[in-house]
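**Q** Predicted structure and sequence below. I'll ask about it afterward.
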Amino acid sequence: MGWAIFTIVIFILNAFINKDTLTFLPFGISLFVLGLLSSHLLRTVIKKFRILKRSFASQVVSLFMLAILFSVLTTLTWMLIMIGVSVWKIEGNTRIEWINDFFDEYFFNLFPVLLTFCGWTLIYFLFHLKNLSLYWKSQLLGWAIFTVVVFIFNALIYHDTFAFIPFGITIYVLGLTLTHLLKRVIKRLRILKRSFKSQVVSLLSLVILFSTLGTLGWMAVMIAVGLWKIEGSTRIEWINDFFDEYFFNLFPVLSTFSGWALIYFLFHYVRGVRKEERLKIKYKLERAELEAKALRAQMNPHFIFNCLNSIKSLIQEDQKDKSITYLTTFSKLIRTLFNNADKKEITLYDEIETCKLYLQLEAMRFDTKFSYSVNIDPDIDLKSIYVPALVIQPFIENSIWHGIVPKETDGYVDLSVTHSNGAVNIVVDDNGIGREASKLNKAASRITHQSKGVNLTQSRLKLDNLLQRRQAYLDIIDKRDDQGTAGGTTVILKISEEVL
């Protein structure tokens, strides 16, 4: 992609400067292919000699030397190929003249090739430089791109390339230095900690100050080293010409510094907003996790209390064998609860085993009042699916105590786990009296306990969706026959296999 864009840019520049398009096509194709091959070979050499594992100074020197070497060889190869296929013709009546003309063309083309390879090497170096901060990577690369763009525009408008080289170098060095100094001043004065209005005014003032001094310093340096000459026969004329040049160059410098300040401001503003949002999310998740722990702490005593009541009833009824079996099953259940007490979530396999133990306990407690079944799709790997601990049991408990017990006989509870459309469906189905009739039940204390368990579970599911970033939906269906009579309740817990 990079070499394709580079070739297109060169093609456009050539069309503007030399006014030829079709004749440049073979040059453009060869430029793209050789550039791609040479830069890939350069990358291979860099990796082969482990240059990026050396010291910083050694990296810079080695990469610069490789850029020069590959520029020299690539330019020579490119010209020889183009001459060999008769696309490029070197004029010269004698052999000496031909060689002189060849090297004139060679050195003329060497500079842009060298500039290109230096740019590619710089980008590759910055991309792989781990110890360099994002700020310095952006600075070095950003000012390099800006200098190249200015160089291209200068070539299009003034048609001079070599004369602009020292100007380009000073633009890059001074731009890098002054903007870094501007950044230090911004941080020193803590401008980005102020109010929005104060930030804008302060940044604008600093941009004007640095643009004014920067343009003055740049021109003074260029005049002092003899690269910039101001015409003027007298001192007054010289000063007038100097300030004409100064104000002519001040606007683009001011625009450049304004653009830099705007990018710097927006970067830190967006980063600040994101940081604030991350903190809000962090606090929200921490609060949600504390609430989830509190809900789990409330759920376990509620569940154990009901089991102990069942054991007490069996003992009171002098059913010793049943009470021993019940107590053994209950001890297994308690051990499971203790094992999962400090876990945010457990496998669906463990949850189903807990529900089986609970169903066994309640089936022994109520004897022939109800039967139960557990049906699991054999294709589902229960140990790979995670759910909040004790998320299913409250609905089974609710079915038994609210639906089956008031019905007296022929009750059933079916627990099934199926898979459809990328989701696991956990279904608790009963043929009890239904929710509407249950509301009329006068056993107020028991209703309060049972409703609390279900309500806590619904709250936990909402918190689990937030904490684990998954989708879990709860659907409660009131079953009715053809005459509209309540025929029980179906609870469907759908858990998506995809994490958001």
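**A** Good, I have the coordinates.

**Q** Can you get me a residue count around Phe111?
**A** Neighbourhood size, Phe111 [other CB atoms under 10 Å]: 14. In short, each C-beta sits where N, CA and C put it, glycine included.

**Q** Tell me how far it lies from Phe117.
**A** Separation of Phe111 from Phe117 (CB to CB, to the nearest Å): 11 Å.

**Q** How about Tyr412?
**A** According to CB to CB, Tyr412 stands 80 Å off from Phe117.

**Q** How about Lys407?
**A** 86 Å.

**Q** These two: which has the busier surroundings?
**A** Applying other CB under 10 Å to Lys407 and Phe117 shows that Phe117 carries more neighbours, namely 25 against 17.

**Q** Is the more buried one within a helix or a strand, and which one?
**A** Per DSSP states H and E: Phe117 is located in helix 95-128.

**Q** any idea how far the helix or strand following that helix is from the chain center?
**A** Using DSSP H and E, the next helix or strand after helix 95-128 towards the C-terminus is helix 134-158. In terms of CA atoms, centre = their mean, to the nearest Å, the centre of helix 134-158 is set 28 Å apart from its chain centre.

**Q** Could you tell me which residues within helix 134-158 count as buried?
**A** Under the neighbour-count criterion of 16 or more other CB atoms under 10 Å, helix 134-158 has 139-141, 143-144, 146-148, 150-152, 154-155 buried.

**Q** Same check on stretch 256-265?
**A** In stretch 256-265, counting by 16+ other CB under 10 Å, buried: 256-257, 260-261, 264-265.

**Q** cool, and stretch 27-47?
**A** 27, 30-32, 34-35, 38-39, 42, 46.

**Q** what's the answer for stretch 2-9, then?
**A** 3, 6-7.

**Q** outside of that stretch, which residues touch it?
**A** Residues from elsewhere that reach stretch 2-9, judged by CB atoms under 8 Å, 6 or more residues apart in numbering: 28, 31-32, 35-36, 39, 116, 120, 152.

**Q** Among those residues, give me the pair with the biggest separation.
**A** The two members of the contacts of stretch 2-9 with the most space between them (CB to CB) are Leu36 and Ile152, at 21.4 Å.

**Q** contacting residues for Ile191?
**A** 198-199, 202-203, 206.

**Q** Most neighbours among the residues you listed, which one?
**A** Neighbour max across the contacts of Ile191 (other CB under 10 Å) = Leu203, 20 neighbours.

**Q** Now that that residue has come up, it's in contact with Phe265, right?
**A** Yes - counting by CB atoms under 8 Å, Leu203 does reach Phe265; the two are 6.1 Å apart.

**Q** Quick check: mean pLDDT of stretch 199-210?
**A** Averaging pLDDT along stretch 199-210 yields 91.

**Q** Can you verify Ile380 is assigned to a strand?
**A** No - assessed with DSSP: H, G, I helix; E, B strand; the rest coil, Ile380 is coil; it does not lie in a strand.

**Q** quick check, nearest of the buried residues of helix 134-158 to Ile346?
**A** Leu141 (50.0 Å).

**Q** residues of stretch 490-497 that come out buried?
**A** Result for stretch 490-497 [16+ other CB under 10 Å]: buried residues 490-495.

**Q** can you list the weak-confidence ranges in the stretch 401-500 of the chain?
**A** Low-confidence segments of the stretch 401-500 of the chain, defined by pLDDT under 70: 441-456, 463-464, 466-470, 497-500.

**Q** what are the ranges of the strands in it?
**A** Along the stretch 401-500 of the chain, counting by DSSP state E, counting those that start in this stretch, strands occupy 411-420, 423-430, 470-480, 486-499.
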